[in-house]
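Engineer: model this:
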Amino acid sequence: MRHQFIDIAKLGGIFFVILGHLPTSAYIHTYIYSFHMPLFFIISGYLHKPYSNQETIKRNTYTLIIPYILLFTCVQILELQDIFRRGNINFSLVGSTLATSFKAMILGEPRIYVGPLWFLISLFEIKIIANILLKQKQSVIIIGCLCCLVLGYFFQYKNEFSYFFLDSTVIAFPFYIIGSYLRKYNFENDTFSLHHYNQAYNKTTKLKKVSLLIILIAITNILSYYNGAIDIDYCRCGKSFILTYITGFIGSYMFLLASSLFHSNKFTTTISKSTIFILAFHYFIIKKVDLWIFIRNDINLTTNTKSIILALSTVVISYPQIILTKKYFPILIGNRK
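Structural biologist: Okay, the predicted model is just below:
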């Protein structure tokens, strides 16, 4: 059984990922970066399923590692196309850049060459560790999370990053565990529950849920303003390490609660199952959309408006490409059906 609110949340989440990579006001950027990546780790934890260790490695190699390698290679090919299109090619520089890029693909350093695909490696590592840890006593799980928090605290002050995104993995791990517990102890009360019931909500329940949502939006707004942006990839945890987790959880829960008010459809389900496609290629789609809509037609809009239109257009344009990828090259997105 699919969780409709997860489909909606992943669609909204990937929109925020795209928007976060576009020029926006400082307020919007900080708000997005206060919870958008914790949201994806919490969702992954919510969907956690226990398997044998061997089966976990096998499944996630197929759904995360192989797509990571293939998507990374596709991105490099597209980058090369742009270079050759511009002309005046320095083959020595191109060769050196490619060598550095594929070294980064293997080791995770320099991170700038890996881009948003770092998420796939961190999630792979988290899933393997969580599959072991979540089978233990609750006290062991708590100790494991505390160890991650202590390590994560020191990682944010390091001058160098760890190979294989291990530092990002450690910082993100508690969010995954929060997600798994959120599903395990999901509130039965309609006001707090994330489940979307088929029967219509009565007006009182819906009003309570919307009221709670408004409160959570306000709290997230205050916390994000005080703590600043969170960037798990580069181990930036805002002004307060503790507030990073509080803001990340409240913002993510706010987003999930809002998503539970809507129904999913074929579009949202398709995007939800293939967000890694958009994660890999959204920069290239943005360039094309910007050229087709704004540059050629000489359209001038405010920075925020233009970026929102670009982000929405990128999601919509990705839809037919995802359908074709699922049909002819499903391994690229982990054979997600």
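Engineer: Grab the nearest non-local neighbour of Thr275.
Structural biologist: Sequence neighbours aside, Ile14 is the residue nearest to Thr275 in space, at 4.6 Å (criterion: Cβ to Cβ, 6 or more residues apart in numbering). For glycine as for every other residue, the C-beta is placed from the backbone atoms N, C-alpha and C.
Engineer: List the contacts of the helix or strand Ile57 falls within.
Structural biologist: Following DSSP states H and E, one finds Ile57 within helix 53-60. By Cβ atoms under 8 Å, 6 or more residues apart in numbering, the residues outside helix 53-60 that reach it are Tyr51, Leu123, Phe124, Lys127, Ile128, Asn131, Ile132.
Engineer: in the stretch 151-300 of the chain, which ranges drop under the pLDDT threshold?
Structural biologist: By pLDDT under 70, the weakly predicted segments of the stretch 151-300 of the chain are 159, 186-203.
Engineer: which residues in it form strands?
Structural biologist: Applying DSSP state E, counting those that start in this stretch to the stretch 151-300 of the chain gives strands spanning 230-231, 236-237.
Engineer: Pipe those strands into CSV and attach mean neighbour count per row.
Structural biologist: Formatted as CSV, those follow (neighbours: other Cβ atoms under 10 Å):
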stretch, mean neighbour count
strand 230-231, 20
strand 236-237, 19
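Engineer: Please report how far Lys287 lies from Phe294.
Structural biologist: 11 Å (Cβ to Cβ, to the nearest Å).
Engineer: Tyr62 touches Asn335, doesn't it?
Structural biologist: Yes. The criterion here is Cβ atoms under 8 Å, and Tyr62 meets it with Asn335 at 6.8 Å.
Engineer: Need the overlap of contacts for those two.
Structural biologist: Residues touching both Tyr62 and Asn335 (Cβ under 8 Å, 6+ apart): none.
Engineer: returning to that earlier point: narrow the contacts of helix 53-60 to those that are buried.
Structural biologist: Neighbour-count burial (16 or more other Cβ atoms under 10 Å) applied to the contacts of helix 53-60 gives Leu123, Phe124, Lys127, Ile128, Asn131.
Engineer: about what we covered before: nearest to Phe175, of the contacts of helix 53-60?
Structural biologist: Of all the contacts of helix 53-60, Phe175 sits closest to Leu123, with 10.8 Å by Cβ to Cβ.
Engineer: who touches that closest one in this structure?
Structural biologist: Counting by Cβ under 8 Å, 6+ apart, Leu123 has contacts Phe41, Ser44, Asn60, Leu64.
Engineer: And those, which two are furthest apart?
Structural biologist: Maximum distance among the contacts of Leu123 (Cβ to Cβ): 14.3 Å, for Phe41 and Asn60.
Engineer: For the stretch 1-150 of the chain, which segments count as helices?
Structural biologist: Secondary structure of the stretch 1-150 of the chain (DSSP state H, counting those that start in this stretch): helices located at 4-20, 26-33, 36-46, 53-60, 66-86, 91-107, 118-133, 138-155.
Engineer: Those helices: which one's closest to Thr169?
Structural biologist: helix 118-133 (4.5 Å).
Engineer: just the contacts of helix 53-60 now: which is nearest Leu324?
Structural biologist: For those, the minimum distance to Leu324 (Cβ to Cβ) is 24.9 Å, reached by Leu123.
Engineer: ok, now how distant is the closest one from Leu243?
Structural biologist: 24 Å.
Engineer: Who wins on neighbours among the contacts of Leu123?
Structural biologist: Among these, Phe41 has the most neighbours (other Cβ atoms under 10 Å), with 26 neighbours.
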